[in-house]
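A.B. asks: Sequence plus the predicted model coming up.
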Amino acid sequence: MIIFMIGIHLRLTNDMESIRKCIDELQIDCFQLFLEPHHGLSMKRKLHYRAIFSRLKKEKLVQKIFVHSPDSTALRVSKNGSTIPSWKKIRYRLQEADDLGADGLVVHVNIDRTFPIHAVAEEMSEILYDIDVHCDLLLENTVLKKSISADLYQFNLFIKRLHEKYPVYVCLDTAHLFAVGYSCSSKDEMKELKSKFPSIFQHTKLVHMNDSAVECGSYTDHHSHLGKGFLGRGSLGAIVSVFSQNIPFITETPKCDFDMQKENVETLNQIMTGNKLDLDELGSHAKIERVFYF
Ligand SMILES: [Zn+2]
């Protein structure tokens, strides 16, 4: 049985009641949020979020909670030609997310593709070798032309090498994938990508399910509401079709009101259901079910 979880990026997240209301009305299984940018959380805020996360989990209102790092914590090469300052920040954020009880920390990968992968892996293990956390480190593909994560061939090697040293995982952003030139227009194309780049797909533990407001190959990060962008429902469905694990799909749409958010979740549900129909038509034994915990 294949089970997909769906969720959204939460924006108004300061009190338990508004989070609970949102989960309840949207019927989501997971969510992601940004915490304060640039600096770490104060002890007071930490305890506040920790209490909220723990209650949501205890009451089985959600299955997974993710924290998205601010851009200042992206993985990058510093001016002195090293990734160590970046890994130190990531270590701090990972420990912080783990203390809150989050399941994963999402970090953008903005490493120049000319920088040697083995050096990144060595520097990572130098900083992370003794960290003891349950929270997954999820490295996300970006749209920066020079970034190693914008080219799947290099990103695949990158994840493979890093995973040998520390269990890094992937957060695959569909709008970013499209923006760097992968059209994702059919299931066959997605199957081909999956077989060509196995480390990326095997280690994907979260999908940022976003439509794109810009054309394929534009190298611009501009998300659209689901089904209303250049990817559309067809391509988003093709992307879903290659994931057979129990992974969450979280949508990060442009700022909008609650009704629009609801529509996005509805579209996400329909994309999942549409994919179920396709698999059933093909006579697959696989079953995709939405699981509700209410
Ligand atoms: Zn994303």
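C.D. replies: On my side now, so go ahead.

A.B. asks: Every contact and neighbour count from this point should use C-alpha atoms.
C.D. replies: OK.

A.B. asks: Show me the strands in this protein, by range?
C.D. replies: Taking DSSP state E as the test, the strands found in the chain are 2-9, 30-34, 64-68, 104-108, 136-140, 168-173, 204-208, 211-212, 223-224, 248-251, 288-290.

A.B. asks: what angle separates the fifth one from strand 104-108?
C.D. replies: What separates the directions of strand 136-140 and strand 104-108 is an angle of 30 degrees, with axes from the mean of the first three to the mean of the last three C-alpha atoms, to 10 degrees.

A.B. asks: what helices or strands is strand 136-140 leaning on?
C.D. replies: Where contact means 3 or more C-alpha pairs under 8 Å, 6 or more residues apart in numbering; DSSP states H and E, strand 136-140 is packed against strand 104-108, strand 168-173.

A.B. asks: export the ones you listed to JSON lines and tack on distance to Gln202 and mean neighbour count?
C.D. replies: Formatted as JSON lines, these follow (distance: least, C-alpha to C-alpha, whole Å; neighbours: other C-alpha atoms under 10 Å):
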{"stretch": "strand 104-108", "distance to Gln202": "16", "mean neighbour count": "25"}
{"stretch": "strand 168-173", "distance to Gln202": "9", "mean neighbour count": "23"}
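
A.B. asks: and the closest residue to Leu41 other than its chain neighbours, how many residues sit next to it?
C.D. replies: Using C-alpha to C-alpha, 6 or more residues apart in numbering and skipping residues adjacent in sequence, the residue nearest Leu41 is Leu35, 7.6 Å away. Per other C-alpha atoms under 10 Å, the neighbour tally for Leu35 reads 19.

A.B. asks: how about Leu35, what does it touch?
C.D. replies: Leu41, Val67, His68, Ser69, Pro70 (C-alpha atoms under 8 Å, 6 or more residues apart in numbering).

A.B. asks: Which residue ranges of the stretch 101-250 of the chain form helices?
C.D. replies: For the stretch 101-250 of the chain, the helices defined by DSSP state H, counting those that start in this stretch cover 117-128, 152-165, 174-179, 187-196, 198-202, 232-240.

A.B. asks: Of the ones you listed, flag the one that's most buried.
C.D. replies: Ranked by mean neighbour count, those are led by helix 174-179 with a mean of 28 (mean count of other C-alpha atoms under 10 Å).

A.B. asks: Off-centre distance for stretch 56-70?
C.D. replies: Taking C-alpha atoms, centre = their mean, to the nearest Å, the mean C-alpha location of stretch 56-70 is offset from the chain mean by 13 Å.

A.B. asks: With just CA atoms, put stretch 139-156 into PDB.
C.D. replies: The C-alpha atoms that make up stretch 139-156 are tabulated as PDB, following Å, rounded to 0.1, in the frame of the first residue of the first chain:
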ATOM      1  CA  LEU A 139      18.800  19.300   0.900                       C
ATOM      2  CA  GLU A 140      16.700  21.100  -1.600                       C
ATOM      3  CA  ASN A 141      17.300  21.700  -5.400                       C
ATOM      4  CA  THR A 142      17.400  25.400  -6.400                       C
ATOM      5  CA  VAL A 143      17.100  27.500  -9.600                       C
ATOM      6  CA  LEU A 144      20.500  29.200  -9.400                       C
ATOM      7  CA  LYS A 145      22.200  28.400 -12.700                       C
ATOM      8  CA  LYS A 146      25.600  27.900 -11.200                       C
ATOM      9  CA  SER A 147      24.300  25.800  -8.300                       C
ATOM     10  CA  ILE A 148      25.200  22.100  -8.200                       C
ATOM     11  CA  SER A 149      21.500  21.400  -7.300                       C
ATOM     12  CA  ALA A 150      20.200  22.900 -10.600                       C
ATOM     13  CA  ASP A 151      21.800  20.100 -12.600                       C
ATOM     14  CA  LEU A 152      20.400  16.700 -11.800                       C
ATOM     15  CA  TYR A 153      23.500  14.800 -13.000                       C
ATOM     16  CA  GLN A 154      25.700  16.800 -10.500                       C
ATOM     17  CA  PHE A 155      23.100  16.900  -7.800                       C
ATOM     18  CA  ASN A 156      22.800  13.100  -8.000                       C
END
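
A.B. asks: I appreciate the help and will end here.
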